[in-house]
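Asker: Have a look at this prediction, sequence included:
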Amino acid sequence: MPQISSTILMVRPASFGFNAETAANNVFQSSSETLTASQVQQKAVEEFDHFVHTLRKNKIDVVVYQDTPEPPKPDAVFPNNWFATFSNGVVMVFPMFAANRRIEKSDELLKMLTEKFHVKDVEDWSEYEAENFFLEGTGSMIIDHEARIIYACLSPRTDKFLLERFAQAHHYKAIGFYSKDENGVDVYHTNVIMHIGDGYAVICLESITDEVERIAVSQLLISTGHEIIPITLQQVHAYAGNMLQVQNSDGKKFTILSKQAFDSLTKEQKRILSIHSNLLPIDIETIETIGGGSVRCMMAEIFLEKK
């Protein structure tokens, strides 16, 4: 299983907006007091289209799925929470915390995947929603495919039992830990405090308040060949942990991050990252502010073989 994908899928929003239901445990979201709902949607589409254009200009393969306006799905632009793919031909559908996000799960999108790629099996873990066990895809799980390790900060959206069951089913080792913000609130998704690329790891170690857990995660990252690039909680709020490394058609590696995240990094952090990868910042201010997610959340990696 490769660590880096050369194809990503993105969902073009049809009704992007503030989701009050997810705001309950996502401190990154904030509603706009100056823009109307239609203006928010328009700005989100403009940012999305620019994002896709920038990736394609850099020869990164992007599959775009157009969201349907009905029923409205304010967070459809973040598909990595509800499905993921592995190179063995398996597509996995995940149990989601917010009831109004479960409608994002699209049979049409899955059908499109099976038409374009070799899909051997679709695993649906959604039944756990009825028992209030949640595991929100690559938002909850940072997967080191080469070392077969899944890192996850436990929260209302990432259940320890389900994480371990999922890891076991796919022959990975689960490393669960607790990550807190400056107010002692559980970080809702691992991918806001952590990113693993080829030979490096970006992580907010100060958010792992338990010293034993913090040392264990650090040592595991180092022993599996990653140079650790620590980020601060302040940088986490600028989405500096929400990156994704991809490969273009020429085999060139890019680490995609938002403009806000890029601007928050120090010269030294940028220097070290640039040794491993080409940094590609994207401006998605509206999506970040109102949606409470950044570039990584917008990209679902497709590890499936093309037809």
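Answerer: Structure received.
Asker: contacts and neighbour counts: CA atoms only from here.
Answerer: OK.
Asker: remind me which residues of the stretch 1-150 of the chain are low pLDDT?
Answerer: 18-34 (pLDDT under 70).
Asker: for it, what spans make up the helices?
Answerer: In the stretch 1-150 of the chain, the helices defined using DSSP state H, counting those that start in this stretch lie at 37-57, 107-116, 137-140.
Asker: and of the ones you listed, who's closest to Leu257?
Answerer: With respect to Leu257, and counting by CA to CA, the nearest of the helices of the stretch 1-150 of the chain is helix 37-57 at 10.7 Å.
Asker: Can you tell me which helices and strands that closest one packs against?
Answerer: Contacts defined by 3 or more CA pairs under 8 Å, 6 or more residues apart in numbering; DSSP states H and E place helix 37-57 against strand 7-12, strand 61-66, helix 285-291.
Asker: And the ones you listed: which comes nearest Leu220?
Answerer: With CA to CA as the criterion, Leu220 lies closest to strand 7-12 of the helices and strands packed on helix 37-57, at 27.7 Å.
Asker: Which neighbouring elements make contact with the closest one?
Answerer: Using 3+ CA pairs under 8 Å, 6+ apart, strand 7-12 sits against helix 37-57, strand 61-66, strand 300-301.
Asker: Give me whichever of these is most buried.
Answerer: Across the helices and strands packed on strand 7-12, averaging neighbours per residue (mean count of other CA atoms under 10 Å) puts strand 300-301 on top, at a mean of 26.
Asker: Secondary structure element for Ile196, which one?
Answerer: Assigned by DSSP states H and E, Ile196 belongs to strand 194-197.
Asker: Sheet-wise, list the partners of that strand with their directions.
Answerer: strand 200-203 (antiparallel) (DSSP bridges).
Asker: Report the mean per-residue pLDDT for whichever helix or strand comes after the strand it pairs with.
Answerer: The first helix or strand that comes after strand 200-203 along the chain, using DSSP H and E, is helix 211-223. Averaged over helix 211-223, pLDDT sits at 98.
Asker: buried stuff in helix 211-223?
Answerer: Glu213, Arg214, Val217, Ser218, Leu221 (16 or more other CA atoms under 10 Å).
Asker: Does the second one touch Leu220 like I think?
Answerer: Read it as Arg214. No. Taking CA atoms under 8 Å as the definition, Arg214 is not a contact partner of Leu220, at 10.0 Å.
Asker: quick one, what contacts the residue lying closest to Met92 once chain neighbours are set aside?
Answerer: Sequence neighbours aside, Glu123 is the residue nearest to Met92 in space, at 4.7 Å (criterion: CA to CA, 6 or more residues apart in numbering). Counting by CA atoms under 8 Å, 6 or more residues apart in numbering, Glu123 makes contact with Val90, Val91, Met92, Val93.
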